[in-house]
Each structure stands twice: as C-alpha cells, then as structure tokens.
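Colleague: A predicted structure for the sequence below; I have some questions about it.
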Protein chains: 2
Amino acid sequence: MRKGNETRERILDIAEAGVLAKGFGATSIDEIIAEAGITKSGFFYHFHDKNELARGLLARHRGRLGQLVDEIFGRAAELSDDPLQQLLIGLTLFAEHMAAMPGGHPGCLVATMSYQEQLFNREVRAMVSSIVEDWNAFFRSMIEKIVAAYPLREPVDPGRIARNITCAIDGGIIMSKSLGDPSVLPEQMLMARNYVKMLFQPAALHAVPREALAA
Amino acid sequence: MRKGNETRERILDIAEAGVLAKGFGATSIDEIIAEAGITKSGFFYHFHDKNELARGLLARHRGRLGQLVDEIFGRAAELSDDPLQQLLIGLTLFAEHMAAMPGGHPGCLVATMSYQEQLFNREVRAMVSSIVEDWNAFFRSMIEKIVAAYPLREPVDPGRIARNITCAIDGGIIMSKSLGDPSVLPEQMLMARNYVKMLFQPAALHAVPREALAA
DNA sequence: CAGAAAACCGTACCGCCGGTGCAGTTTTCG
DNA sequence: CGAAAACTGCACCGGCGGTACGGTTTTCTG
C-alpha cells in the first residue's frame, strides 16, 4: 500500500515534465500512462479525472517552491538583519537561482495553469488563485516590515509593491517563453528588486536632472 | 465576393469572444460555426485549419491594438513635447483606458496565446513572438529618447526598462485573471509608469532615510 | 499464513474535437 | 449569361477525456 504512492509520484513526475514542456492541454493521459508503464484504469485509480491531476501537480509544486523560497529568504535573513536588505538579497538570490537553471528555468506551473484556466474546474482555479495570493502576501509582509523602518519615497500601497514583484515574475516567465529567451525572467526579477530599492532609498544627491524640464 | 469577407470577419468576431472568455483550446470550431450559422465546410473554406484562425485573430488584434496605442501616445505627444512626459502621460492614459473597460479589460489575445503556445505551429508562435518584440521595441524607442535628454539615476539598459513595461502589462493581465480582479492590470501599468518616473526623476531632498541603515 | 484492502489490468464503449475529401449547390459580380 | 466565389451536405478518421465493470495481483495487518 506504499507502492501506490510511488506510482502516484511517478505519474506526477511524468505529467509535470509534460506540462512544463508542452502545456497541460497537450499532455495527454494516454501519453502519461505509456511512459509510466501503467494502464488507463491504473491512472484513474489514482486521479479520478484530469483536474485532480492538476491539483496534485499544484500541491506538490506549492510545497517545493515554498521550500525553495524559505531557503532563499532564510539565507537572506542570515546575511542581514535589515528588512529592506533581506528583501533585496532574497530577490537577488532568487534571480540567480533562476538564471543558474540549465537551459533556462523550467517554467512555473502556476503561471502555466493561470493561462489555461478554462481547462480546469473551480477547485483548481481556486488553488491557482490562492497560490498567487500567497505570493502576494509573502512579499507584502516583507514590505510592511520595510515600511515600518523606512520612509517611502512616494506614497505607494505595500500591496501594490508586492503585486508588482509577483507580476514581474509572472511577466518574466511569460516573456521568456514568448521570446524564447530564459534570461528575461532573472532580468525582470532584478528590475523588481531595483524598484523596491529605489522606492526606499532616495537618489544620490549628484543625480539631478540635466535640464529643468523634470517637474 | 464581398460576402466572403463578411463571413470571415464574423467568424473572427465569434472566435475572438470565445478565446478571450475561455481560451483558444476551449473554443471549438463546432461552437463557432453554430453561432455563425455556417457549416464546417464553410469554416474550412475560410481557414484551412485552426492555426490559420489563430493567425487571423492575431493579425486583427495587432492592427487594432496598434491603432489604440497610436491614438493614446499621439494624444500624449499633443499634451507634451518632453519625451519623458510623453511616456508618463501615455502610460496613464493607457491604464485609464484599461480601467474604464466595463467588467474589466477583455484580456489580451497575445498574452492568452503566449501561454497556449503548444497548441500552435511555428508560424503562429513566431507571430506572437514578433508582437511582443514590437511592444518592447516601441517602449524602447521612447526610452532611448528620454535617455538622450535625462540622466539615468542608475545605469539601466533601455531594453530592460522597455521589457519591464511589457512585463507589467502581461503580468497584470495574468494576475487580473488569476485573482479575478481587473483592477490589477491598470494598477500595475501605473506601477511601471512610476518606475520610469523614478528612474529619471531623482528623489526630493526631504526623502532621506529615517535611519542610517540604508547603505 | 489467511484474508482483506489496495493497487492495479483488460476491454469495450461514449461523445467531442480537429480535420479530410469530395461532389453538389447557391450567391455574387463582371 | 457565365465564371468564380462562397458555401452546403455527408461520410469518415484518429485522438482525446472519461465511464463502466469484472477480474487479478500485490501488499500490509492481524
């Protein structure tokens, strides 16, 4: 009765590879079971439909990504006590992690599924939505700590800043895919980092406008 | 022989509505022809397969969106001669346009199709990719004009800034969809605007760090 | 070791979907 | 009127997600 979990994990592995490479819709059950060496009945024993497979993939993905983020921002907390520096360091490490992936990052399951919404039922959509909200909440909590310690250069809602970081990641993933250039994702993560930095660190005095045009 | 174009347009209209509402994969040909009141043979007379339908949608979308952008940034050019102000005004008008859409913006065809890549052949993918590149090139040319007139607060490549704006739009669309909140898109467009503004307009003198922690 | 539950297999079947092929018909325009 | 354009009608194909259900093997537990 433990073999069941092994098979389940194998199905998820194969499905995940397929989804990241070709998208959810293009990853057929027939294909998965062929690679897993099981029958259709076996597949439907573990997942009663494709939506359940999607939920399984998302749940695993959330866990793994959460662990990665914990490691990265845990390391950032080791390196600095300052909340602003922690976020800046964490984002840098995150970007480096993405850049270091051989052949580019594999693509985010959540981002992939966000755009294939229509293939799924409410439960899966709710799951995708809650994962995005988790990300926003994570960054928001970090930003609120920063706001408590630093003056904002402009009055910007912490939620907006948090969503901007998440947007940069999602947008970076989508643009990396569209352009076939994996370097866009880490680049845009660093752009988001720089945004935060600028919001909380006022410009150096020597950086004044060349002309008086700047109102 | 002009009725042919009318039917073609009607097919595109129906398909576009379906794709924006449910995605490309979930919009079936059977469904389109039923709504258009034609037969399957009639459909395949106009589009020899679904990829050609996708190309037709993208071509029309590109034209329309290009016109909108021309209007918006043409208006911005009327309102200011300064290249920085033109971009800032244009992005504000763009964001307002998106916010004003009843029930939220309809969703971007390009963004939708970027994430359903696997459903299409090379031609369609190339088209999606070239549209994204057009956007980047458009913002880039504006930013290069600004760079020629303003000092950059930090040394950032104009291409990166351009891609950041495009990313904010794509990310905003995807997050609006994921969270079911259309206000995220205009919000994030304005965040991108603010980023540009900050990059070229140094902070006011009163905005200094509350503590010496900011390195 | 027995027995029950879990983890499958085999097979036949369903409806939807994208797509093909092709002959025949109507519409439109010059 | 005639030719081209714009369809219709119908039969068919393979792949897909999914259902139904009876039978078999594997695995853990008492």
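Modeller: Nice, thanks for sending it over. Numbering: from 1, shown residues only, chains lettered A, B, ... in the order given.
Colleague: for A:H105, give its distance to DNA strand C.
Modeller: 30 Å (CB to the nearest atom of the strand, to the nearest Å). The way it works is simple: take the backbone N, C-alpha and C, and place the C-beta from them, glycine included.
Colleague: next SSE after the helix or strand of chain A with the lowest mean pLDDT?
Modeller: The weakest-scoring helix or strand in chain A, judged by mean pLDDT, DSSP states H and E, is helix A:109-114 (a mean of 82). Helices and strands here follow DSSP states H and E; after helix A:109-114, the next one along the chain is helix A:122-149.
Colleague: what about that following helix and DNA strand D, touching?
Modeller: No. If you take CB under 7 Å from any atom of the strand as the test, helix A:122-149 misses DNA strand D, and the best it gets is 10.9 Å.
Colleague: does anything pack onto that helix? Which helices or strands?
Modeller: In terms of contacts (3 or more CB pairs under 8 Å, 6 or more residues apart in numbering or on different chains; DSSP states H and E), helix A:122-149 is packed against helix A:50-79, helix A:83-100, helix A:109-114, helix A:158-179, helix A:184-200, helix B:158-179.
Colleague: what is the second one packed up against?
Modeller: Okay, so that is helix A:83-100. Against helix A:83-100 (3+ CB pairs under 8 Å, 6+ apart) you get helix A:50-79, helix A:122-149, helix A:184-200.
Colleague: report the inter-axis angle for it versus helix A:50-79.
Modeller: 130 degrees (axes from the mean of the first three to the mean of the last three CA atoms, to 10 degrees).
Colleague: count of residues packed around A:D30?
Modeller: Counted with other CB atoms under 10 Å in any protein chain shown, the neighbours of A:D30 add up to 9.
Colleague: check contacts around it.
Modeller: Neighbouring residues of A:D30 by CB atoms under 8 Å, 6 or more residues apart in numbering or on different chains: A:K40.
Colleague: ok, now how distant is it from B:N121?
Modeller: The gap separating A:D30 from B:N121 is 22 Å, by CB to CB, to the nearest Å.
Colleague: kindly report the same for A:L91.
Modeller: Distance, A:L91 to B:N121, by CB to CB: 37 Å.
Colleague: more neighbours: which of the two?
Modeller: Per other CB under 10 Å, whichever of A:L91 and B:N121 has more neighbours is A:L91, with 27 against 13.
Colleague: low-confidence stretches in chain A?
Modeller: Within chain A, the segments meeting pLDDT under 70 span A:1-4, A:202-215.
Colleague: domain map for chain A?
Modeller: Using automatic domain parsing, the domain parsing of chain A gives A:1-48, A:58-200.
Colleague: and stretch A:130-137, what's buried?
Modeller: A:I131, A:V132, A:D134, A:W135, A:N136 (16 or more other CB atoms under 10 Å in any protein chain shown).
Colleague: sorry, wrong one. I was asking about stretch A:26-37.
Modeller: For stretch A:26-37, the buried set under the neighbour-count rule, 16+ other CB under 10 Å, comprises A:A26, A:T27, A:I29, A:I32, A:I33, A:A36.
Colleague: and the two most separated of those residues?
Modeller: Largest separation among the buried residues of stretch A:26-37 by CB to CB: A:A26 and A:A36, giving 17.3 Å.
Colleague: one step back: for the buried residues of stretch A:130-137, which one is nearest chain B?
Modeller: A:V132 (4.7 Å; CB to the nearest CB).
Colleague: ok, and the closest non-adjacent residue to the closest one?
Modeller: Leaving aside its sequence neighbours, A:V132 sits nearest to B:S178 (CB to CB, 6 or more residues apart in numbering or on different chains; 4.7 Å).
Colleague: then A:R62?
Modeller: Here the residue nearest A:R62, using CB to CB, 6+ apart, is A:I131, at 5.6 Å.
Colleague: residues near A:E52, how many?
Modeller: 15.
Colleague: residues contacting it?
Modeller: Counting by CB under 8 Å, 6+ apart, A:E52 has no contacts.
Colleague: likewise the one 5 residues further on?
Modeller: Listed by CB under 8 Å, 6+ apart, the contact set of A:L57 reads A:L12, A:A15, A:E16, A:V19, A:L109.
Colleague: gap between it and chain B?
Modeller: For A:L57, the distance to chain B equals 16 Å [CB to the nearest CB, to the nearest Å].
Colleague: do A:L185 as well
Modeller: From A:L185 to chain B the distance is 9 Å (CB to the nearest CB).
Colleague: I'd guessed that residue sits against A:H105; true?
Modeller: Yes. Under the criterion of CB atoms under 8 Å, A:L185 makes contact with A:H105 at 5.9 Å.
Colleague: could you name every residue contacting both of those two?
Modeller: Common neighbours of A:L185 and A:H105 (CB under 8 Å, 6+ apart) are A:M98, A:I173, A:S176.
Colleague: ok now do the last one, which residues does it touch?
Modeller: Applying CB under 8 Å, 6+ apart, one finds that A:S176 lies in contact with A:G104, A:H105, A:P182, A:S183, A:V184, A:L185.
Colleague: show me which of the residues you listed is closest to A:F44.
Modeller: Nearest member of those to A:F44, counting by CB to CB, is A:H105, at 31.9 Å.
Colleague: the closest one: neighbouring residues, count only.
Modeller: Count around A:H105 with other CB under 10 Å applied: 18.
Colleague: name the nearest residue to it, ignoring sequence neighbours.
Modeller: Using CB to CB, 6+ apart, the nearest residue to A:H105 is A:M98, at 4.8 Å.
Colleague: cool, A:F47 as well?
Modeller: A:L53 (4.5 Å).
Colleague: verify the contact between the one you found and A:I11 for me.
Modeller: Yes. If you go by CB under 8 Å, A:L53 and A:I11 touch, sitting 7.5 Å apart.
Colleague: give the residues shared as contacts by the two.
Modeller: A:F47.
Colleague: residues of chain A that sit close to DNA strand D?
Modeller: A:1-3, A:27-31, A:40-41, A:44, A:48-51.
Colleague: if we can go back for a sec, most surrounded residue in the contacts of A:S176?
Modeller: That'd be A:L185 among the contacts of A:S176, by other CB under 10 Å, with 28 neighbours.
Colleague: ok, that one to B:K197 distance?
Modeller: From A:L185 to B:K197 the distance is 25 Å (CB to CB).
Colleague: and A:S183, by the same measure?
Modeller: According to CB to CB, A:S183 and B:K197 sit 26 Å apart.
Colleague: how about A:L84?
Modeller: 21 Å.
Colleague: neighbour count winner among these two?
Modeller: More crowded of A:L84 and B:K197, by other CB under 10 Å: A:L84, with 24 against 17.
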